[in-house]
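K.L.:
quick one, what's the 3D model for this:
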Amino acid sequence: MIGGNEERESFAYSITEDKYRKLPKLPIGHNITTNVCVNYKDQAVFTFLQDAKLFIKVAVMDLTNLDEEEDSKAEMEWVLKMEQTEHEMDRFHLKCGVSMHDNRIVVVGRGRLPGMRE
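P.N.:
Just a heads-up that it's a prediction; the model follows:
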């Protein structure tokens, strides 16, 4: 569960142990209501979001350095911040994302580019 409570904490659940452990928190300013998470080859989790200013932001949780038994006190890092003036989309919403076999991540959204009719 990514950013599963108001403290921005993320959790992993072990079915065999019936136990939760804490994972890195979302970075400050990460909106948890409008994000898409993508598992990248079980090495990282990327979260994609758009904020109220229609900025696109991406944070990453490195899964390769997590201790399987310890709770994490770390915070995810921002790896991309793109202002609305760069992508120029209006009424923009992210819908889903997937990790591809060729090492790319594809995120699908909807929005309106300048000059598009409603």
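K.L.:
state the pLDDT value of the spatially closest residue to Glu88 that is not a sequence neighbour.
P.N.:
The shortest distance from Glu88 to any residue other than its chain neighbours is 5.5 Å, reached at Pro114 (CB to CB, 6 or more residues apart in numbering). To be clear about C-beta, it is placed using only N, CA and C from the backbone, and glycine gets the same treatment. At Pro114 the predicted local confidence, pLDDT, stands at 85.
K.L.:
give me the neighbour count for Pro114.
P.N.:
As a burial measure, the neighbour count of Pro114 was computed by other CB atoms under 10 Å and equals 7.
K.L.:
helices of this protein, residue ranges please.
P.N.:
Taking DSSP state H as the test, the helices found in the chain are 84-87.
K.L.:
now the lowest-mean-pLDDT helix or strand in the chain, how far from the chain's geometric center?
P.N.:
The least trusted helix or strand in the chain, going by mean pLDDT, DSSP states H and E, turns out to be helix 84-87, with a mean of 85. Helix 84-87 has its average C-alpha position 19 Å from the chain's average C-alpha position, going by CA atoms, centre = their mean, to the nearest Å.
K.L.:
and the contacts of that helix?
P.N.:
Under the criterion CB atoms under 8 Å, 6 or more residues apart in numbering, residues 53-56, 92 lie in contact with helix 84-87.
K.L.:
7 Å - rerun?
P.N.:
By CB atoms under 7 Å, 6 or more residues apart in numbering, the surrounding residues in contact with helix 84-87 are 53-56.
K.L.:
find the pair from those with maximum spatial separation.
P.N.:
Taking every pair in the contacts of helix 84-87 and measuring CB to CB, the maximum separation is 10.3 Å, between Lys53 and Ile56.
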